[in-house]
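1. next comes the sequence, and after it the predicted model I'd like to discuss.
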Amino acid sequence: MMDASLPLLVAVPLLGAALLVAGGRLVPRPVAEAVGCAVSAGTAALALVLLLNSSPPFLEWSGGWTPVEGHSVGIVLIGDGPGLGMAALASLLTLASLAYSWHYFDEPPSGHAGSFPALLLLFQGGMCGFAIAGDLFNAFVWFELMSVVAYALTGHRVEEARAVQGALTFAVVTSLGAYAMLMGIGLLYARTGELGMHAIGRGLDAHGRPDALVLAAFVLVMTALLVKSAAVPFHFWLPDAHAVAPTPVCMLLSGVMVELGTFGVWRVYGTVFSGPGGVPAPEFERALVTLGALTAVTGAVMCWYQRHIKRLLAYSTVAHTGLFLIGIGVLKPEADDGIALYVLGHAGVKAALFACTGILLDRYGSVDEHALHGRARELKGVAVLFVLGALGLAGLPPFGTALGKSVTEEAVGGPLTVLYVAASAVTAAAVLRVAARVFLGLGPRPETGSGYETTGSGERPETRHRLSRIPDTMTAVPAVLLAGAVAVGVAPGFAKVAARAVNETGSAGVFTSVHWTPAGVLLGLLSTLLAGALALLAVVRPKAFAAPDRALWLRRLQSGHVGDYVAWVLVGTTVLGALTLPGMLGG
């Protein structure tokens with residue numbers, strides 16, 4: 001029965017979206033939104049039920065196209081802990097986004113009440129399909145469905161040129177990644193005659209030593225996944241998309257879609273390329289740790305020097321993505337456990353921060369840290385939520401981000417631990433600085449001159465008019481998300497259950513003990529104290545922390561020109577290949 005229920009994770013949201021598209025003009029908006037929430041909640045409940053029964057993992061051959069003599073052309077879905085966990089996370093965040101936009105989100109010019117919830121349900125279906133896909137080609141199909149809907153959601157306010165430009169940039173860059181993935185799948189199919197991930201891995205191992213074809217396939221497939229996860233230098237689409245996307249969409253992009261990219265890296269390497277016929281572990285570790293460190297540093301620096309709050313949060317997502325990639329790259333079961341918890345905690349924290357930023361946009365028509373100086377003093381509840389989100393980013397116990405970060409820090413060890421503390425502290429400090437200026441009015445009023453940066457002033461609210469009263473749903477949703485992020489760290493037995501689900505699939509049944517340690521708590525407190533100190537100094541002495549001229553070149557790289565971003569995708573692909581090549585094709 002559990003096996004047969006797997007396709008419903010995809011079918012239910014897709015059918016719900018079709019129902020809303022067909023009947024959206026015939027029903028009032030509250031009915032369409034209620035249907036969207038019900039379908040999303042039902043899918044989330046199904047994902048959680050399947051997750052609780054996923055030991056041992058199970059699979060389903062859709063349509064009954066089972067293998068014959070070990071070969072199959074059917075679609076296989078895998079119901080294991082990591083995949084179902086990501087499907088549950090995607091479904092819960094979709095429900096949160098629908099609840100956040102309840103009755104407030106500005107209707108499209110067409111007046112079709114079901115268009116926005118239908119798009120969110122399509123997005124949910126694509127994410128769930130990608131999470132449980134057992135073969136590379138259908139992972140690509142769900143990858144593309146997810147991407148196409150994300151383009152439409154990013155440019156939902158089609159009457160605005162900026163929204164269309166951001167969606168177009170998003171589409172071009174991630175489409176290049178999709179083409180790369182398709183070419184990589186073609187190479188693997190040519191070598192093995194298989195599309196199933198485990199079958200491809202066995203085929204590569206049977207062929208023996210890896211060669212240039214395996215290297216090319218690895219680089220192409222990983223390029224696609226790293227583009228989706230917004231790793232440097234594939235990340236340029238993310239801040240541009242977040243700056244124009246509606247707030248509920250930002251909650252999904254940073255809360256789960258980027259994490260699905262990192263999940264894809266972990267899944268594809270572990271099932272396809274980790275054997276003797278694939279990419280040797282030292283080469284994979286060198287490539288992923290190097291790109292992860294570069295991503296964490298670049299994201300943290302760029303996050304600090306933003307005043308557009310949505311862009312600031314987007315760059316913090318880039319920084320934490322780098323930390324996720326480092327944890328995956330060291331190839332240790334303990335690090336996998338830590339990243340799983342880190343991703344869950346980060347999803348709740350980051351979605352909550354975007355929800356609070358949406359409140360500022362709809363109340364004041366701005367997401368500019370400088371222009372909003374002291375204007376949000378009356379939003380005391382939102383201020384508390386925003387500060388709590390910042391502390392969650394810093395890794396303050398008992399947040400799930402703190403538990404996941406501490407477990408990962410212990411696994412990676414050495415100088416990489418310093419990078420975890422520094423990146424968490426800088427990104428959290430930037431958010432705390434925003435809270436101090438916007439909600440408390442601390443420090444001198446910043447200069448409003450724009451310079452070479454995006455200010456965030458003059459934004460159009462996502463409501464028909466600026467809000468004089470904040471709807472309860474818009475504050476309840478971030479509060480629940482933050483409570484969930486704390487629950488990841490303190491719920492009895494949750495960490496052990498998560499670790500068992502991850503390692504039962506990814507590390508050949510090697511189970512680890514996940515728990516709070518004195519060193520982990522101290523490092524979490526240290527990163528939080530550093531974040532608070534940096535934020536305080538930046539507020540009190542803003543000129544001392546202004547962007548130096550030598551940092552301007554880094555900001556100029558985010559040019560907004562899609563041609564530049566395409567060039568950086570090619571650079572990133574080349575770098576990935578160069579990092580993987582040594583020792584793989586030689587002696």
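-> Received, thanks.

2. okay, CA-based contacts and neighbour counts for the rest of this
-> Noted.

3. where does the stretch 151-300 of the chain have low pLDDT?
-> For the stretch 151-300 of the chain, no stretch has pLDDT under 70.

4. which stretches of it form helices?
-> Counting by DSSP state H, counting those that start in this stretch, one finds helices in the stretch 151-300 of the chain at the ranges 161-192, 197-207, 212-228, 237-244, 247-252, 258-268, 281-304.

5. outside of the fifth one, which residues touch it?
-> Where contact means C-alpha atoms under 8 Å, 6 or more residues apart in numbering, the residues beyond helix 247-252 that reach it are 90, 93-94, 97-98, 100-101, 153-154, 242, 350-352, 354-355, 357-358.

6. any quick PyMOL command for the buried ones out of those?
-> Buried residues within those, by 16 or more other C-alpha atoms under 10 Å, are selected in PyMOL with:
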select buried, resi 90+93+94+97+98+100+101+153+154+242+350+351+352+354+355+357+358
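
7. other SSEs contacting the helix or strand harbouring Cys37?
-> Assigned by DSSP states H and E, Cys37 belongs to helix 29-52. Helix 29-52 is packed against helix 8-23, helix 81-100, helix 115-132, with contacts defined by 3 or more C-alpha pairs under 8 Å, 6 or more residues apart in numbering; DSSP states H and E.

8. of those helices, which is nearest Glu194?
-> Glu194 sits nearest to helix 115-132 of all the helices and strands packed on helix 29-52, at 17.9 Å, using C-alpha to C-alpha.

9. ok and the closest one relative to helix 81-100, angle-wise?
-> Angle, helix 115-132 to helix 81-100, by axes from the mean of the first three to the mean of the last three C-alpha atoms, to 10 degrees: 170 degrees.

10. pull out the buried residues from helix 115-132.
-> 115-132.

11. these two touch, right, Ile75 and Asn138?
-> Yes - using C-alpha atoms under 8 Å, Ile75 is in contact with Asn138, at 7.2 Å.

12. ok now do Pro276, which residues does it touch?
-> Residues in contact with Pro276 (C-alpha under 8 Å, 6+ apart) are Leu204, Asp205, Gly208, Arg209, Pro210.

13. leaving out chain neighbours, which residue sits closest to the first one?
-> Right, Leu204. Among residues not flanking Leu204 along the chain, Gly277 sits closest, at 4.7 Å (C-alpha to C-alpha, 6 or more residues apart in numbering).

14. repeat that for Ala546.
-> Among residues not flanking Ala546 along the chain, Tyr305 sits closest, at 7.6 Å (C-alpha to C-alpha, 6+ apart).

15. give the helix, strand or coil label for the closest residue to His370 other than its chain neighbours.
-> Using C-alpha to C-alpha, 6+ apart and skipping the chain neighbours, the partner closest in space to His370 is Pro446 (5.4 Å). Of the three states, Pro446 takes coil under DSSP: H, G, I helix; E, B strand; the rest coil.

16. pLDDT score assigned to Pro446?
-> Confidence at Pro446, expressed as pLDDT, is 77.

17. can you count the residues close to it?
-> As a burial measure, Pro446 scores 15 neighbours (other C-alpha atoms under 10 Å).

18. tell me who's in contact with it.
-> His370, Ala371, His373, Pro542.

19. try Thr321
-> Residues in contact with Thr321 (C-alpha under 8 Å, 6+ apart) are Ser229, Ala230, Ala231, Val258, Glu259, Thr262, Gly292, Thr295, Ala296.
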